[in-house]
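Asks: Provided below are the primary sequence and the corresponding predicted coordinates.
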Amino acid sequence: MSSVDELPLKEIPGGYGLPFFGPISDRLDFHYRQGPDEFFRARMQQHNSTVFRANAPPGPFTARNPKVVVLLDAASFQILFDTSKVEKRDVFTGTFMPSTSFTGGYRVCSYLDPSEPKHALLKGFFLSFLGRLHKELIPNFRAAATQLFADVEAELTEKGESEFNPISDRMSFDLLFRLFAGKSSYDTAAGGGGNAGLDTWLFLQLAPLITLGLKFLPNFVEDLLLHTFPLPYFPAKSGYELVHSAFREAAGELLDEAEEKGLSRDEASHNMMFVMGFNSYGGTKILFPALLKYVGGSGEELHRRLASEIRGVVEEEGGVTLAALERMSLVKSVVWETMRIEPPVQFQYGKAKEDLKISSHVATYVVKKGETIFGYQPFATRDPVIFVNPDEFVPDRFLDGGEKLLKYVYWSNGRETDSPTADNKQCPAKDMVVVLGRMMLVELFMRYETFSVEFGKLLLGSSVTIKSLTNPK
């Protein structure tokens, strides 16, 4: 890779097409004619550049302005983490923002730029709370996993296979509710099925970026329904308010603390609901099935190695502890590789605060103040300049010196080598999510020697069906 100072200065290729019609054409390509990966790949090849101009979905009329500068390589993508150069105000979901009705009428922390005074107050509160959760993660996850695998085994016995996603989602929701509110959701009005209400809530906010792919629904009808206007809150209202009410009642001590720090009880509760329900639950909906998909598809040799490492370290440490997790090098590599190849968040956005020079591996480009910058993470974290065999799941990728590549793993809206602070936009639950991913593998291979899966696509992430679980001999 060349030094930035040596890179040639080039005009950003590409364009936006005719007013109104250009964004609609790009939206149809993105959702139906090409799909996201081919949409970006075709334009990258057409312009012979990993930086170019295009319209980002959803376009008229949902988006405020669909015109973006697209970044597809690991080098240019990093500008999106520099909040001294890019503004993060109201771009969490992209060139559109769902109604604040989904969040109690508040612009929650994810939509705030760090320059806004309330950002540091809210994120500092999150980080303080999440920092205290580490001692509770392992015992709570182990209890939740016991029920998870009991449910999976029961369904395997009854049906010959088990649909992992709905079981995992119920477990994740109750685990996170317990961690955040200090009480099982089953002991509140939300019940164990409160995640169904959050699923609707998530879908309605992300619908402009989603393709249903239903054979009986013509594409133009789906496009009109999902991508033309922002979807309203009212279909999610009852489910969200049920969970929010239960959370607010159960998390009394946490909300007392928020008030002491200068936050209103109501605003704090809706912000915590967003961290729990959107950032954390939304993330585990993708991460846990992805882990089983890639590990399950890698075969028995990887299973044997994981089981050997996990059981050996647990025996030496005298139990499952944070110290034990830190010693499990292969487990850590597998979790990072899963997040690299299937990041829970695919899109990142920012607006240039000033005229910027952005460099790819081969050239430098000028982005004008006020332009929206869009990064497609699955291409940035599969950059062939950085990663050998970038489209392959390589369990050992981050072993034996491979740790140096962690600075190019961006799933948390930051480098994996960085830490979330009150002044940046990195996911406040970054460390917790990584621990939960490791714990899923630990609990799986403490119980089973090997397993087999089938997998497909869902609106968010992968669907996983467990076909078999083999107990130790």
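Replies: Happy to help now that I have it. Numbers count the residues shown, from 1 in each chain.
Asks: I figured residue 265 hits residue 254, correct?
Replies: No - using C-beta atoms under 8 Å, residue 265 is not in contact with residue 254; the gap is 10.1 Å. Placement of C-beta: from N, CA and C, glycine included.
Asks: Looking at those two, which one has more neighbours?
Replies: More crowded of residue 265 and residue 254, by other C-beta atoms under 10 Å: residue 254, with 18 against 13.
Asks: Compute the number of surrounding residues for residue 187.
Replies: Considering only other C-beta under 10 Å, residue 187 is surrounded by 15 other residues.
Asks: cool, the one 10 residues further on as well?
Replies: Here the count is done by other C-beta under 10 Å, and residue 197 has 22 residues near it.
Asks: Quick check: which element contains it?
Replies: Assigned by DSSP states H and E, residue 197 belongs to helix 194-206.
Asks: repeat for residue 282
Replies: Assigned by DSSP H and E, residue 282 falls in helix 281-296.
Asks: by contact count, what packs against the helix holding residue 197?
Replies: helix 164-181, helix 234-250, helix 281-296 (3 or more C-beta pairs under 8 Å, 6 or more residues apart in numbering; DSSP states H and E).
Asks: tell me the mean pLDDT over it?
Replies: Helix 194-206 carries an average pLDDT of 95.
Asks: and that helix with helix 234-250, angle?
Replies: Helix 194-206 runs at 130 degrees relative to helix 234-250, counting by axes from the mean of the first three to the mean of the last three C-alpha atoms, to 10 degrees.
Asks: and the angle for helix 194-206 with helix 164-181?
Replies: 100 degrees.
Asks: Any buried residues in helix 194-206, and which?
Replies: For helix 194-206, a neighbour-count test (16 or more other C-beta atoms under 10 Å) marks 194, 195, 196, 197, 198, 199, 201, 202, 203, 204, 205, 206 as buried.
Asks: if you average pLDDT over the following helix or strand past it, what comes out?
Replies: Downstream of helix 194-206, the next assigned helix or strand under DSSP H and E is helix 219-227. For helix 219-227, the mean pLDDT works out to 93.
Asks: by contact count, what packs against helix 219-227?
Replies: Helix 219-227 packs on helix 21-28, going by 3+ C-beta pairs under 8 Å, 6+ apart.
Asks: gap between the helix it packs on and the chain center?
Replies: Offset of helix 21-28 from its chain centre (C-alpha atoms, centre = their mean, to the nearest Å): 26 Å.
Asks: Run through the neighbouring helices and strands of that helix.
Replies: Counting by 3+ C-beta pairs under 8 Å, 6+ apart, helix 21-28 packs on strand 51-55, helix 219-227.
Asks: Next, the angle helix 219-227 makes with that helix.
Replies: Going by the same axes, to 10 degrees, helix 21-28 makes 100 degrees with helix 219-227.
Asks: just the angle between helix 21-28 and strand 51-55, please?
Replies: Going by the same axes, to 10 degrees, helix 21-28 makes 100 degrees with strand 51-55.
Asks: Please enumerate the strands of this structure.
Replies: With strands called from DSSP state E, the chain shows them at 9-10, 51-55, 67-71, 86-87, 162-163, 347-352, 356-359, 364-367, 372-376, 450-457, 462-470.
Asks: Average pLDDT for the last one, rounded please.
Replies: Here the mean pLDDT over strand 462-470 is 97, rounded to a whole number.
Asks: What pairs with that strand, parallel or antiparallel?
Replies: Sheet pairing for strand 462-470, assigned by DSSP bridges, gives strand 162-163 (antiparallel), strand 450-457 (antiparallel).
Asks: where does this protein dip in pLDDT?
Replies: 1-5 (pLDDT under 70).
Asks: Can you tell me the centre-most residue of it?
Replies: The centroid of the chain falls nearest to residue 344 when counting by C-alpha atoms, centre = their mean (2.6 Å).
Asks: hang on, the earlier thing: let me have the helices and strands packed on helix 194-206 in a markdown table, extended by distance to residue 32 and mean neighbour count.
Replies: Formatted as a markdown table, those follow (distance: least, C-beta to C-beta, whole Å; neighbours: other C-beta atoms under 10 Å):
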| stretch | distance to residue 32 | mean neighbour count |
| --- | --- | --- |
| helix 164-181 | 25 | 23 |
| helix 234-250 | 24 | 18 |
| helix 281-296 | 23 | 24 |
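Asks: As JSON lines, these with distance to residue 12 would be great.
Replies: Listed next are the helices and strands packed on helix 194-206 as JSON lines, based on distance: least, C-beta to C-beta, whole Å:
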{"stretch": "helix 164-181", "distance to residue 12": "40"}
{"stretch": "helix 234-250", "distance to residue 12": "38"}
{"stretch": "helix 281-296", "distance to residue 12": "31"}
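Asks: Quick check: which of these is nearest to residue 76?
Replies: Taking C-beta to C-beta, helix 281-296 is the member of the helices and strands packed on helix 194-206 nearest to residue 76, at 24.5 Å.
Asks: so how far is that closest one off the chain centroid?
Replies: That offset, for helix 281-296, works out to 10 Å (C-alpha atoms, centre = their mean).
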